[in-house]
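Trainee: please work out how this folds:
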Amino acid sequence: MAAWPRAPLARLLGDEIGARRARPDRDDGVLARVADEAPEIPTRAIVEELLALVVAAQEPAAAAVTWLLEQAGSDPQVAGCLHRRPSRPAGDRCAQP
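Mentor: Numbers count the residues shown, from 1 in each chain. Next comes the predicted model:
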């Protein structure tokens, strides 16, 4: 899997935080609030925190897919539910513990 291209997002977040800090008429958006609440924190540090938040938001889906693949690898019935295309939704047939 290719590395996550964080540089474009980091640059965008940094530019937006800088622009919001420079504005005399601050809005009430998330970035403006973060910039206002901690003016002593460098923009780069805020960007790093926001990037960690963005990456962490991806984990629940990855955890669910990992669990599903582990289940499919250890239970032929689950693997069968994933492999075939049922004529109707599988529902509880695949969700049983």
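Trainee: could you pull out the strands for the protein?
Mentor: Under the criterion DSSP state E, the chain contains no strands.
Trainee: could you chop it up by domain?
Mentor: 6-56, 59-95 (automatic domain parsing).
Trainee: where does pLDDT dip in the protein?
Mentor: Within the chain, the stretches with pLDDT under 70 are 1-4, 24, 26, 83-97.
Trainee: can you show me the helices along it?
Mentor: Using DSSP state H, the helices of the chain run over residues 6-22, 30-37, 43-56, 59-74, 76-83, 92-95.
Trainee: what's next to the first one, contact-wise?
Mentor: With Cβ atoms under 8 Å, 6 or more residues apart in numbering as the contact definition, helix 6-22 has outside contacts at 26-27, 29, 31-32, 34-35, 39, 43-44, 46-47, 50-51, 54. To be clear about C-beta, it is placed using only N, CA and C from the backbone, and glycine gets the same treatment.
Trainee: against residue 14, how distant is residue 25?
Mentor: Applying Cβ to Cβ, to the nearest Å, the value for residue 25 to residue 14 is 21 Å.
Trainee: residues in contact with the residue lying closest to residue 79 once chain neighbours are set aside?
Mentor: Distances taken as Cβ to Cβ, 6 or more residues apart in numbering place residue 72 nearest to residue 79, at 4.3 Å, with adjacent residues excluded. Taking Cβ under 8 Å, 6+ apart, we find residue 72 in contact with 78-79, 82.
Trainee: counting neighbours, what do you get for residue 31?
Mentor: 17 (other Cβ atoms under 10 Å).
Trainee: hmm, I typed the wrong one, I wanted residue 36.
Mentor: Neighbour count of residue 36, defined by other Cβ under 10 Å: 12.
Trainee: gap between residue 67 and residue 78?
Mentor: Distance, residue 67 to residue 78, using Cβ to Cβ: 11 Å.
Trainee: swap in residue 18?
Mentor: 50 Å.
Trainee: higher neighbour count, the two?
Mentor: Remark: of residue 18 and residue 78, residue 78 carries more neighbours, 20 against 13, as counted by other Cβ under 10 Å.
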